[in-house]
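Participant: quick one, structure for this:
(one chain, ligands or ions: 1)
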Amino acid sequence: MPSILFVCLGNICRSPLAEAALRAEAARGALDIEINSAGTGSWHVGNPPDRRAQAVAHNHGIDITGYRARQVIPADFRRFTHIYALDPDNLAGLRRIAPADATAEVRLLMDMVPGREGTGVTDPYYGNEAGFELTWADVSAAAQAIMASLER
Ligand code: 4NP
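Facilitator: Residues are numbered from 1 along each chain as shown. Have a look, this model is predicted:
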């Protein structure tokens with residue numbers, strides 16, 4: 001059974017939106033899989049998603065107000081089969097803390113989207129609302145690609 005973890009820096013902007021996008025795709029496909037998100041950093045642990053991320057999710061019919069930020073932990077590398085980093089820095093952070101007995105496949109999220117391999121999902125935190133719609137577009141494309149890979 002696949003289980004999927006999305007990881008960004010703060011777990012309040014990009015990875016909660018990726019979690020929401022894949023939850024929506026999985027629900028559409030009636031696929032019952034574990035989906036979660038976390039951050040490499042600890043600053044926002046316990047906090048709800050950024051208001052702008054909540055607003056963008058709401059625009060797309062999804063309620064993420066109940067999500068709470070957490071930091072990625074070594075056990076995540078065994079609990080999940082796939083861990084997707086939102087950008088190359090997050091990927092480097094994951095590789096630094098991966099335990100020796102990790103079983104998860106750890107890779108860059110946008111590697112799932114043809115033509116976007118090697119790229120990161122831009123951090124919208126210091127930008128405006130429009131940046132969060134760009135984030136949504138990226139994580140939605142990736143969620144669709146992940147669903148397609150799971151259904152194969
Ligand atoms: P995220 O965005 O990694 O997409 O959740 C950020 C949120 C907070 C910070 C940086 C990025 N921060 O530095 O507090």
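
Participant: what helix or strand is Ser149 located in?
Facilitator: If you go by DSSP states H and E, Ser149 is part of helix 129-151.

Participant: how much space is there between the most far-flung residue of the chain relative to its centre and Thr81?
Facilitator: The centre of the chain is farthest from one residue, Ala100, which by CA atoms, centre = their mean lies 23.0 Å away. Remark: distance between Ala100 and Thr81 (CB to CB, to the nearest Å) = 18 Å. Backbone N, C-alpha and C define where each C-beta goes, glycine included.

Participant: equivalent analysis for Asn128, please.
Facilitator: 36 Å.

Participant: these two: which is more packed in?
Facilitator: The residue with more neighbours, out of Asn128 and Thr81, is Thr81; 15 against 9, by other CB atoms under 10 Å.

Participant: list the contacts for that one?
Facilitator: Contacts for Thr81 (CB atoms under 8 Å, 6 or more residues apart in numbering) come out as 1-4, 103-105.

Participant: flag every residue of the protein that's near the ligand.
Facilitator: Within the chain, the positions near the ligand by CB under 6 Å from any ligand atom are 8-14, 39, 43-44, 123, 125.

Participant: contacting residues for Gly41?
Facilitator: Residues in contact with Gly41 (CB under 8 Å, 6+ apart) are 9-11, 71.

Participant: same question for Asp32.
Facilitator: Contact partners of Asp32, counting by CB under 8 Å, 6+ apart, are Ala26.
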